[in-house]
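Novice: fold the following.
(one chain, ligands or ions: 1)
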Amino acid sequence: MEDILELEKDILDQIDAASEEKALEDVRIAALGKKGAVSALLKGLGSMDPAERKEWGPKLNGLKTRLTDAIEVRKGDLHRASINKRLETEKIDITLPVRAEAEGRIHPITQVFEEILAIFNDMGFVVEEGPDIEDDFHNFAALNFPEGHPARELHDTFFFEADEVGDQKLLRTHTSPVQIRTMMSQKPPLRIIVPGRTFRCDSDQTHTPMFHQVEGLVIDQETHMGHLKWCLEEFAKAFFEVETIKSRFRPHFFPFTEPSAEMDIGYKRVGDEIHIGEGDDWMEILGCGMVHPNVLRNVGLDPDVYQGFAFGLGVDRLAMLKYGIPDLRDFFASDVRWLQHYGFAPLDMPNLATALSW
Ligand code: DAH
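Specialist: Below is the predicted model of the structure:
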């Protein structure tokens, strides 16, 4: 009896002393494994007479149970301790400040896209996008460019080779096809703003084969030119960050709008600077108009129920104008020194509440 108490105390001490899971397992095997000390005692029960067995059976089984429980408890403690240790050593401090030496800059085109979207988002327009590779239907036909109409030629389109069934894809020449895609997949009222890349076979100081546009479209039951004018004037004031703007809407032709106009804003030159919103000179900033009834019919909308307005603006030109960038081609030259000079701080997202540009 004495011996058993001794043995139990001894094994419990060893369990306590085991400082890792492997050491604990060794203690378990030495006590309760096949050849363990307690297992040997339990085996001895078989050779006892019944009276002895009745006395020793419960004692030895009790010993086994207590030791097994103690090992389980210790095992749980060691396991938790090892996880905590790993958590300590593998910890990453995600609260570290941004490294001051970060030198990346936001490209002025990206900046101007963000500025334009911030302004129209504030007026309740949602962003839509469409593919760069389009088909004739979305880029031309549905937008009321008849087959063989000279307006198609103005676009200097990049065509792909026709596929086996004679289908010829193209690089979209404007963001207007996203009007068609949106009107065909969503129900009015619609108020969308569409940033995107566009392509035309053209290259000189003021044209690059890839350029950027933002398209806007509003479709509802009582939309008129007054809405268009207000909306675009508000845009121009917010974009050029001026209190007042002088504007005029000059009649123009686009196949997908009727009537169509180009919007000019007033400016004056003072020395090397251009002052927007005042003065007697005019510059064109975008094309716009009321959506042509044929376009509405082409997407399955009844022109007697729905009307809307649309506009399209050239992002590259607006960026040059706002930030005094003289040559369009520099946008695409990937010159880091140029980007250091004309780029924007990465974490300052344009927004109307604080500031559009920094
Ligand atoms: N898609 C025209 C272009 O690239 C721009 C444009 C003009 C878009 C008038 C419009 C619009 O939505 O109403 O030249």
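
Novice: output the set of residues of this protein in proximity to the ligand.
Specialist: Within the chain, the positions adjacent to the ligand are 174, 176, 215, 254, 257, 287-289, 310-312 by Cβ under 6 Å from any ligand atom. (Each C-beta comes from the backbone N, C-alpha and C, glycine too.)

Novice: what about those, which one has the most neighbours?
Specialist: Each of the residues of the chain next to the ligand was scored by neighbours using other Cβ atoms under 10 Å; the highest score is S176's, at 29 neighbours.

Novice: let me know whether it touches F256 as I believe.
Specialist: Yes - in this structure, S176 is within contact of F256 by Cβ atoms under 8 Å, at 6.2 Å.

Novice: joint contacts of these two?
Specialist: Shared contacts of S176 and F256, defined by Cβ atoms under 8 Å, 6 or more residues apart in numbering, are found at 143, 310.

Novice: residue ranges with poor pLDDT in the chain?
Specialist: For the chain, the stretches flagged by pLDDT under 70 are 1-2, 100-102, 358.

Novice: apply 80 and report the result again.
Specialist: Counting by pLDDT under 80, the chain has low-confidence residues at 1-2, 96-103, 150-155, 205, 347-348, 353-355, 357-358.

Novice: can you give me the strands in it?
Specialist: Using DSSP state E, the strands of the chain run over residues 126-127, 133-134, 170-171, 190-199, 210-220, 247-252, 257-270, 273-276, 281-291, 307-314.

Novice: and those: which comes nearest A333?
Specialist: With Cβ to Cβ, the closest approach to A333 among the strands of the chain belongs to strand 210-220: 13.5 Å.

Novice: which residues touch stretch 155-169?
Specialist: Stretch 155-169 is contacted by residues 133-136, 139, 170-171, 173-174, 199-202, 209 when judged by Cβ under 8 Å, 6+ apart.

Novice: which one of those is nearest the ligand?
Specialist: H174 (3.3 Å; Cβ to the nearest ligand atom).

Novice: for that closest one, which non-adjacent residue is spatially closest?
Specialist: Of all residues not flanking H174 in the chain, T198 sits nearest, at 5.4 Å (Cβ to Cβ, 6 or more residues apart in numbering).

Novice: run a quick neighbour tally on that neighbour.
Specialist: T198: 23 neighbours (other Cβ under 10 Å).

Novice: wait, it sits on T173?
Specialist: Yes - under the criterion of Cβ under 8 Å, T198 makes contact with T173 at 6.2 Å.

Novice: then stretch 85-96 to PDB, C-alphas only?
Specialist: The C-alpha coordinates for stretch 85-96 follow below in PDB (Å, rounded to 0.1, in the frame of the first residue of the first chain):
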ATOM      1  CA  LYS A  85       4.300  30.900 -27.200                       C
ATOM      2  CA  ARG A  86       3.800  30.700 -31.000                       C
ATOM      3  CA  LEU A  87       1.400  33.500 -31.000                       C
ATOM      4  CA  GLU A  88       3.900  35.700 -29.100                       C
ATOM      5  CA  THR A  89       6.800  34.900 -31.400                       C
ATOM      6  CA  GLU A  90       4.900  35.000 -34.700                       C
ATOM      7  CA  LYS A  91       3.100  38.200 -34.000                       C
ATOM      8  CA  ILE A  92       3.100  41.000 -36.700                       C
ATOM      9  CA  ASP A  93       2.400  44.500 -35.700                       C
ATOM     10  CA  ILE A  94       0.000  45.700 -38.400                       C
ATOM     11  CA  THR A  95      -0.300  49.100 -36.700                       C
ATOM     12  CA  LEU A  96       3.200  50.100 -38.100                       C
END
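
Novice: hang on, the earlier thing: are any of the contacts of stretch 155-169 buried, and if so which?
Specialist: 134-136, 139, 170-171, 173-174, 199-200 (16 or more other Cβ atoms under 10 Å).
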